[in-house]
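Participant: this one's structure only:
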């Protein structure tokens, strides 16, 4: 029935390393938490464990900063090696706020966020940082196909999320950085309401809505990096999350 | 139990007018849909029915546009009377994209969005448009206190939402424009993860996360403007949603 959604955090996930079979661990945890994954479920996976299982962890002591990185690091009071990594993972610098030590870039994937999504929390080792997965849509596809196979189901959505800030409003929240099996952006152009008038909403970023919703159960400092959303009637699709990125020529805020 | 959330759309809501007792209608629909509202529930109410019940509907034929409104209307190919209303409901113009007929302002409440949140969908009458509620936090408080009284409960969150676009990413989604009874922004500064490292997330815009989550069950063109989120362990608070608006001096994108 539409109108009744459940969101469940998978319990007892292990520590992830480059040798972890991510989809297999999700399946095991889904078995014990909710008796498995069902046809029509959406699996929402936070980026950090994907990065770990894809060996995207870098020891910043191995990085030699360029002059540009050293200059930006001085202005923003960041570690120059971290700044170099951020530049390496970015296509464009969007904003630098030296006073508040903020560096916002467009990542090589096209996400606009602080520090190119590079982050040291929830990782062991004082010098280790996690880069975003190199192709989060491919990561989502791989997890999706493996879970479909394990549970013998046809209709499954997988979304990889990361936490970004946003303009104008305080706080950081989850956005979809990769997806597979679900229409990322639902088009409402020309749809009319009960009075026959065109809707204000022209498209709904379904995967972002789901990414954010999963936050209700995925703790910030706790070990629940995977959630299942059950009861949401989504459109199956092979298209990936990149369709949700607004092209620069249509964007008023770069 | 944390880790298991339910989101339910209230069914059989009536058409709303200025004489509708909004909280009472929510209580009646909650009774028939889910046997009433419980202690710890969060009630998410879309803006349009609040505007209707607070008589924020304007017939644009009653508006006389100023020269400034006529000029902007010409450039953006909008109705000059609508532009005048938008200017009346705004503190600042943030962006004008003449080619794509976009006018983004900062509303009198402090929201940055297209057309000052003024919208004609889901309203009867060809010339009628709905303004945002004049004080959505007060609207949330009023609904909250009335529902607490009807159901004799102490702990209840009420959030008023509207649908806005956002920079960099396609699609429009729900944001909180008013709230009462729930901490709007949860502070994580200084919180450490399981490895003892500071979290990347410094604060979580709880009411925006909940606003967006309710979208999973509230249809765009259907009559389900109120949702209940059950099982989310929130912090009670008397503070209102304005704390989530980033002050201009901290904002990099105006």
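Facilitator: Sure thing, it's come through. As the structure is a computational prediction, the values presented were derived from the model and not from experiment. Numbers count the residues shown, from 1 in each chain, chains lettered A, B, ... in the order given.
Participant: could you pull up the mean pLDDT of stretch A:191-199?
Facilitator: What stretch A:191-199 shows for mean pLDDT is 77.
Participant: chain center to that stretch, what's the gap?
Facilitator: How far stretch A:191-199 lies from its chain's middle: 33 Å, per CA atoms, centre = their mean, to the nearest Å.
Participant: close to chain B, is that stretch?
Facilitator: Yes - contact of stretch A:191-199 with chain B (CB under 8 Å from any CB of the partner chain) involves A:191, A:192, A:193, A:194, A:195, A:197, A:198, A:199. Backbone N, C-alpha and C define where each C-beta goes, glycine included.
Participant: how long is that stretch end to end?
Facilitator: For stretch A:191-199, the first-to-last residue distance is 6 Å (CA to CA, to the nearest Å).
Participant: buried ones in that stretch?
Facilitator: Neighbour counts over stretch A:191-199 (16 or more other CB atoms under 10 Å in any protein chain shown) mark A:193, A:197, A:199 as buried.
Participant: what's the answer for stretch A:152-171, then?
Facilitator: For stretch A:152-171, the neighbour count (16+ other CB under 10 Å) marks A:156-171 as buried.
Participant: keep only those residues that also lie close to chain B.
Facilitator: The residues of those that also fall near chain B, by CB under 8 Å from any CB, are A:163, A:166, A:167, A:168, A:169, A:170, A:171.
Participant: and the first one, helix, strand or coil?
Facilitator: Spelled out, that is residue A:163. What DSSP: H, G, I helix; E, B strand; the rest coil gives for residue A:163 is strand.
Participant: per-residue pLDDT, it?
Facilitator: In the prediction, the pLDDT value recorded for residue A:163 is 95.
Participant: who's in contact with it?
Facilitator: Listed by CB atoms under 8 Å, 6 or more residues apart in numbering or on different chains, the contact set of residue A:163 reads A:172, A:173, A:174, A:175, B:200, B:201.
Participant: what's opposite it in the beta bridge?
Facilitator: Beta bridges link residue A:163 to residue A:174, judged by DSSP bridges.
Participant: show me where pLDDT drops low in chain A?
Facilitator: A:1-3, A:219-222 (pLDDT under 70).
Participant: hey, which helix is longest across it?
Facilitator: In chain A, assigned by DSSP state H, the helix with the most residues is helix A:136-151.
Participant: for it, the distance to its chain's centre please.
Facilitator: 15 Å.
Participant: what comes up buried for that helix?
Facilitator: By neighbour count with 16+ other CB under 10 Å, helix A:136-151 contains the buried residues A:136-137, A:139-144, A:146-148, A:150-151.
Participant: can you check stretch A:60-79 too?
Facilitator: A:60, A:63, A:65, A:69, A:72, A:73, A:76, A:78, A:79.
Participant: now the two most distant members of these.
Facilitator: Spatially, the most separated pair among the buried residues of stretch A:60-79 is A:63 and A:76, at 16.2 Å (CB to CB).
Participant: tell me how far stretch A:51-68 lies from the chain's centre.
Facilitator: Between the centre of stretch A:51-68 and the centre of its chain there are 19 Å (CA atoms, centre = their mean).
Participant: need the residues that contact that stretch.
Facilitator: A:16-18, A:20-22, A:73, A:79-85, A:87, A:123, A:125, A:127-134, A:139.
Participant: stretch A:17-25 now?
Facilitator: So stretch A:17-25 is contacted by A:13-14, A:16, A:45, A:49-50, A:52-55, A:57, A:142-143, A:146-147, A:150 (CB under 8 Å, 6+ apart).
Participant: mind listing what's buried in that stretch?
Facilitator: A:20, A:22, A:23, A:25.
Participant: from chain B, how far off is the third one?
Facilitator: With distances taken as CB to the nearest CB, to the nearest Å, residue A:23 is found 21 Å from chain B.
Participant: next to chain B, which bits of the stretch 51-200 of chain A? Give me the list.
Facilitator: A:95, A:97, A:100, A:102, A:104, A:112, A:119-124, A:163, A:166-173, A:175, A:185, A:188, A:191-195, A:197-200.
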